[in-house]
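# compute the structure for the input listed below.
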Amino acid sequence: MKLLALKIDVDTYRGTREGVPRLVELLQRLGADATFLFSLGPDHTGRAIKRVFRPGFMKKVSRTSVVEHYGIQTLLYGTLLPGPDIGRRCADILRSVAAGGFEVGIHTWDHIKWQDYVAGESAAWTRGQIDLAVARFTEVFGLPAKTHGAAGWQMNPEAYRHQQRMALTYASDTRGTHPFWPVVKGEPVRCVQLPTTLPTLDELIGVGNLTPDNVHEHLLKLTAAEPEFGHVYTLHAELEGMKLLPVFERLLQGWLDQGYKLVSTLELFNALDTSTLPYHSVEMGELEGRSGTLALQGPRFPG
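Numbers count the residues shown, from 1 in each chain. From the prediction side, this is the model:
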């Protein structure tokens, strides 16, 4: 069966309150499944202003209007406005997603803090941020998380190791082509990675002739041929759950027409024979359409 997993990153307070319910309604209406990964601590989106100094950031912003998708109020959280505690203030929404039958997992504690600093932070800092998210997740859902998808695909060696200690079922922190066992600085980590295999809307819109009206056609061309291990598509509650919801509906219908079953990342994982998966190094590198570096599936190990 052709499987395409939908991984939904929820970054902000607004995305949780407005985007998540809209996505739940759309998915249920089309009979599609998905995995929701939540930001569980404070929304400090306004602190992302420091990224203007990052190479490529302003080019990306010029293609996709940040104000249009996130709103002025969200862009002030953590600077002129206090950052709302997402996990605490939106606990009912988070629980309703799980009650609706969707898999839920950890995206991060503080999205901006993780995305902007984890690559260079210490092991203790990394464990502390993950443990805050773990504690809040358990508080909200009453059971431990079994999956994690890193904010901005930002990781460091301790983050992978800590996932192994947590006995996660699997994780989806990387970009790549197929599922694999990660090798971090020569050290195998026993937590399967299901990398995002397709580009995201914000990486595509504004490039060449791609617009919100035709970007779904480009993505459908990328999924026309059936991949051996299926696909993982990452979407954002702030984009596909709000202004780009019609674009996402066209994508979902297109994938259904192509014969895909739209599933959670857990269902994709359960379809794998993990004993036959290859080991690949993980490395930080650049990806077209994104500023800075992010975690990528590297060469097969040993090469």
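# next secondary structure element downstream of whatever helix or strand Asp9 lives in?
Assigned by DSSP states H and E, Asp9 belongs to strand 3-10. Remark: after strand 3-10, the chain's next helix or strand is helix 13-14, criterion DSSP H and E.
# which outside residues touch the helix or strand following that next one?
Remark: after helix 13-14, the chain's next helix or strand is helix 20-30, criterion DSSP H and E. Applying Cβ atoms under 8 Å, 6 or more residues apart in numbering, the contact partners of helix 20-30 are 6, 8, 10, 32-34, 36, 93, 96-97, 100, 102, 235, 237, 240-242, 245, 248-249, 252-253, 256, 262. Where you see a C-beta, it was placed from the backbone N, CA and C, and this is true even at glycine.
# hang on, the earlier thing: run the chain-centre distance for the strand holding Asp9.
Offset of strand 3-10 from its chain centre (Cα atoms, centre = their mean, to the nearest Å): 8 Å.
# neighbouring strands - and their directions - for it?
strand 35-39 (parallel), strand 231-236 (parallel), strand 261-263 (parallel) (DSSP bridges).
# rewinding a little: I'd like to know which of the contacts of helix 20-30 are buried.
Buried members of the contacts of helix 20-30, counted by 16 or more other Cβ atoms under 10 Å: 6, 8, 10, 32-34, 36, 93, 97, 102, 235, 237, 240-242, 245, 248, 252, 262.
# tell me where this structure has helices.
Assigned by DSSP state H, the chain shows helices spanning 13-14, 20-30, 57-63, 66-70, 86-89, 91-99, 111-117, 123-141, 157-165, 201-204, 215-222, 245-257, 265-270.
# now render these as a markdown table, adding distance to Asp173 and mean pLDDT.
Shown next, in a markdown table, are those (distance: least, Cβ to Cβ, whole Å; pLDDT from 0 to 100):
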| stretch | distance to Asp173 | mean pLDDT |
| --- | --- | --- |
| helix 13-14 | 23 | 94 |
| helix 20-30 | 21 | 98 |
| helix 57-63 | 21 | 46 |
| helix 66-70 | 23 | 58 |
| helix 86-89 | 20 | 96 |
| helix 91-99 | 21 | 98 |
| helix 111-117 | 11 | 95 |
| helix 123-141 | 11 | 98 |
| helix 157-165 | 7 | 97 |
| helix 201-204 | 17 | 96 |
| helix 215-222 | 21 | 98 |
| helix 245-257 | 23 | 98 |
| helix 265-270 | 11 | 98 |
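# could I get those helices in CSV, plus columns for distance to Val183?
Formatted as CSV, those follow (distance: least, Cβ to Cβ, whole Å):
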stretch, distance to Val183
helix 13-14, 37
helix 20-30, 34
helix 57-63, 30
helix 66-70, 36
helix 86-89, 32
helix 91-99, 33
helix 111-117, 22
helix 123-141, 18
helix 157-165, 9
helix 201-204, 26
helix 215-222, 27
helix 245-257, 32
helix 265-270, 19
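# what's the closest of those to Gln297?
Proximity to Gln297, assessed across those by Cβ to Cβ, is greatest for helix 157-165 (12.7 Å).
# and the angle for the closest one with helix 123-141?
What separates the directions of helix 157-165 and helix 123-141 is an angle of 40 degrees, with axes from the mean of the first three to the mean of the last three Cα atoms, to 10 degrees.
# and Tyr279, how many neighbours?
When neighbours are counted by other Cβ atoms under 10 Å, Tyr279 registers 13.
# same check on the one 3 residues further on?
For Val282, the number of neighbouring residues by other Cβ under 10 Å comes to 24.
# pull the contacting residues for the closest residue to it other than its chain neighbours.
In space, and not counting its chain neighbours, Val282 is closest to Pro182: 4.8 Å by Cβ to Cβ, 6 or more residues apart in numbering. Pro182 makes contacts with Tyr160, Thr174, Pro188, Val189, Cys191, Gln193, Tyr279, His280, Ser281, Val282, as judged by Cβ under 8 Å, 6+ apart.
# so among those, which ones count as buried?
Judged by 16+ other Cβ under 10 Å, buried ones among those: Tyr160, Thr174, Val189, Cys191, Gln193, His280, Ser281, Val282.
# picking up where we left off before, which of the strands paired with strand 3-10 is buried the deepest?
Greatest average neighbour count among the strands paired with strand 3-10 goes to strand 35-39 (a mean of 28), per mean count of other Cβ atoms under 10 Å.
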